[in-house]
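> Just the structure for this:
(one chain, ligands or ions: 2)
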Amino acid sequence: MSSTETLATFDSLGLNSDLLNTVKSLGFTSPTPIQEEFIPVALTGVDCIGQARTGTGKTAAFALPVLQKLKPKSQHVQGIVLAPTRELSEQVEQEFRSLASGSPCETVLTGGGRPIGPQIAALGRYPQVVVGTPGRVIDLIQRKVLDLSHVSTVVLDEADRMLDIGFRKDIERILRACSSDHQTLLLSATLPEQVQRLADRFMNHPERVDLSEENVVVETIEQFYCTVEQRNKFNLLIRLLVQERPSQAIVFCRTKRGAHEIYSKIQKHLPDVAEIHGDLQQRKREQVIRRLRDGRVRLVIATDIVGRGIDISGISHIVNYDLPEGSDDYIHRVGRTGRISSVSDGRAFTFVKPDQGDELTKIEVRINKLLQEYQFDGCDAFDAREVQTVQEDEAFEPTPASESEWDAIFDELD
Ligand code: ADP
Ligand code: MG
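Ligands and ions are numbered 1, 2, ... in the order given. All right, here's what the predicted structure looks like:
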């Protein structure tokens, strides 16, 4: 990550010794820049907005101050963390749990898409911290099993995405259900208008910790574009995979349907492929993420909402099969590679249709960097105009039944 991080230590941030020990036992040797700046401010108790790109350790930046403030003897919920999706709330809760391992803190996950019964039961065991998606939290408040009137810290994680998904009303209701003198911590990779409005309405003169410089895609990620007609995208993807041989890749599409179509096509040719998007059942989505993390899945076809924030360190390649809707989404997608613990630096590829030059330029302005045109072996460029869509059956071998090494398959395809 950034070079500024190497000089900082956790010791000077104002954290108690239990938390310092836990942080060390987790192998966090030094705080990330957002942690270094956000934690001391949050510990003072003021409202705070933290802005930094995905993968920079924002979870610990808010979780550690929340943990430090907890009164272990209290039987009330003292901290509530809202996150946009089930997957993200699950990740936050896991990180919370590990950071709380040295403190007497009980956390409860209240994500939607899971049976509510066990969550209600868990709330009966007096957790100090609740992590959940806004919809489910509202549900639990309405059932009168979740009482937020003693909450001292509210965290809005990935606030920009929560608003994108349409959680504004739910978030406002939850904030009104909390005690009036709570501290609000808002974390976001970007700070668009609507997040600013939410902050203006519900936060009390927030301090802003802005590391949006860091928000520009890390320098070490190599970023390329390929010009291609829509009908040739699939062939281009295959050629790209053959040439790049990613250890793990995510292919981003704009629509659920698009993602599913590519998945259906590609899984006929390659093993260890999965799809992940909003149409997939929760259980299935979790399974895909687990398999991706375990390295059992090598290629995932994803849409933005589900792909975002998913914390997986081994991703070597990102392919923007469709251009992201906005340049912030570009940053989120590309941020899936080159993560903190990533062994190798990432590579990102963006497919651009001939009439999308302006959109590409917007991205380049946003990241303040020109993407390079990708060169295919043996030719100057993949000629979008001349290559006809090859009939699938002629072009590729069928998927081998075994989980055989991709390399062999790539050799065959090459
Ligand atoms: P963000 O919310 O900014 O996207 P996360 O909080 O999910 O980022 O952190 C990304 C990964 O980095 C997690 O696996 C987390 O455990 C790890 N991490 C966080 N802080 C540190 C640190 N100081 N040193 C090393 N790894 C860290
Ligand atoms: Mg996060």
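> what's Tyr330 sitting at in phi/psi?
As for Tyr330, its main-chain torsions (degrees, to the nearest 10) stand at phi -60, psi -50.
> how far away is it from Leu323?
Distance, Tyr330 to Leu323, by CB to CB, to the nearest Å: 8 Å. For every residue, glycine as well, the C-beta is placed using N, CA and C.
> what residues do those two have in common as contacts?
Between them, Tyr330 and Leu323 share these contacting residues under CB atoms under 8 Å, 6 or more residues apart in numbering: 350, 363.
> So for these two, which sits in the more crowded spot?
Taking other CB atoms under 10 Å, Tyr330 and Leu323 do not tie; Tyr330 has more neighbours (27 against 21).
> wait, that one sits on Asp304?
No: Tyr330 is beyond contact range of Asp304, at 10.1 Å (criterion: CB atoms under 8 Å).
> list the residues that contact both of those two?
Taking CB under 8 Å, 6+ apart as the criterion, Tyr330 and Asp304 both touch Pro324.
> domain ranges for this structure?
As assigned by automatic domain parsing, the chain contains the domains 10-210, 222-413.
> Strands of the stretch 301-414 of the chain, residue ranges please.
317-320, 347-352, 372-373 (DSSP state E, counting those that start in this stretch).
> can I get these in a markdown table with mean pLDDT, distance to Arg161 and mean neighbour count?
Formatted as a markdown table, the strands of the stretch 301-414 of the chain follow (pLDDT from 0 to 100; distance: least, CB to CB, whole Å; neighbours: other CB atoms under 10 Å):
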| stretch | mean pLDDT | distance to Arg161 | mean neighbour count |
| --- | --- | --- | --- |
| strand 317-320 | 94 | 18 | 25 |
| strand 347-352 | 95 | 20 | 23 |
| strand 372-373 | 93 | 29 | 12 |
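> among those strands, which is nearest Arg291?
strand 317-320 (17.3 Å; CB to CB).
> so what does the closest one touch, helix or strand wise?
Applying 3 or more CB pairs under 8 Å, 6 or more residues apart in numbering; DSSP states H and E, we find strand 317-320 packed against helix 233-244, strand 249-253, helix 327-334, strand 347-352.
> Can you add distance to Phe96 and give those back as JSON lines?
JSON lines is the format used below for those (distance: least, CB to CB, whole Å):
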{"stretch": "helix 233-244", "distance to Phe96": "36"}
{"stretch": "strand 249-253", "distance to Phe96": "25"}
{"stretch": "helix 327-334", "distance to Phe96": "22"}
{"stretch": "strand 347-352", "distance to Phe96": "30"}
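> Now distance to ligand 1 too, for the ones you listed, in a markdown table please.
A markdown table is the format used below for the helices and strands packed on strand 317-320 (distance: least, CB to the nearest ligand atom, whole Å):
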| stretch | distance to ligand 1 |
| --- | --- |
| helix 233-244 | 24 |
| strand 249-253 | 15 |
| helix 327-334 | 9 |
| strand 347-352 | 17 |
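> what's the least confident stretch among the ones you listed?
Averaged per stretch, pLDDT over those is lowest on helix 327-334, reaching a mean of 80.
> what about the strands in the stretch 51-200 of the chain?
Using DSSP E, counting those that start in this stretch, strands in the stretch 51-200 of the chain cover 79-82, 107-110, 129-132, 153-156, 183-188.
> Format the ones you listed as JSON lines; extra columns: mean neighbour count, distance to ligand 1 and mean pLDDT.
Output for those, formatted as JSON lines (neighbours: other CB atoms under 10 Å; distance: least, CB to the nearest ligand atom, whole Å; pLDDT from 0 to 100):
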{"stretch": "strand 79-82", "mean neighbour count": "27", "distance to ligand 1": "11", "mean pLDDT": "96"}
{"stretch": "strand 107-110", "mean neighbour count": "24", "distance to ligand 1": "15", "mean pLDDT": "87"}
{"stretch": "strand 129-132", "mean neighbour count": "27", "distance to ligand 1": "13", "mean pLDDT": "95"}
{"stretch": "strand 153-156", "mean neighbour count": "26", "distance to ligand 1": "11", "mean pLDDT": "97"}
{"stretch": "strand 183-188", "mean neighbour count": "25", "distance to ligand 1": "7", "mean pLDDT": "96"}
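> Distance to Leu26 added to those strands, as a markdown table?
What follows is the strands of the stretch 51-200 of the chain, written out as a markdown table (distance: least, CB to CB, whole Å):
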| stretch | distance to Leu26 |
| --- | --- |
| strand 79-82 | 18 |
| strand 107-110 | 16 |
| strand 129-132 | 18 |
| strand 153-156 | 19 |
| strand 183-188 | 19 |
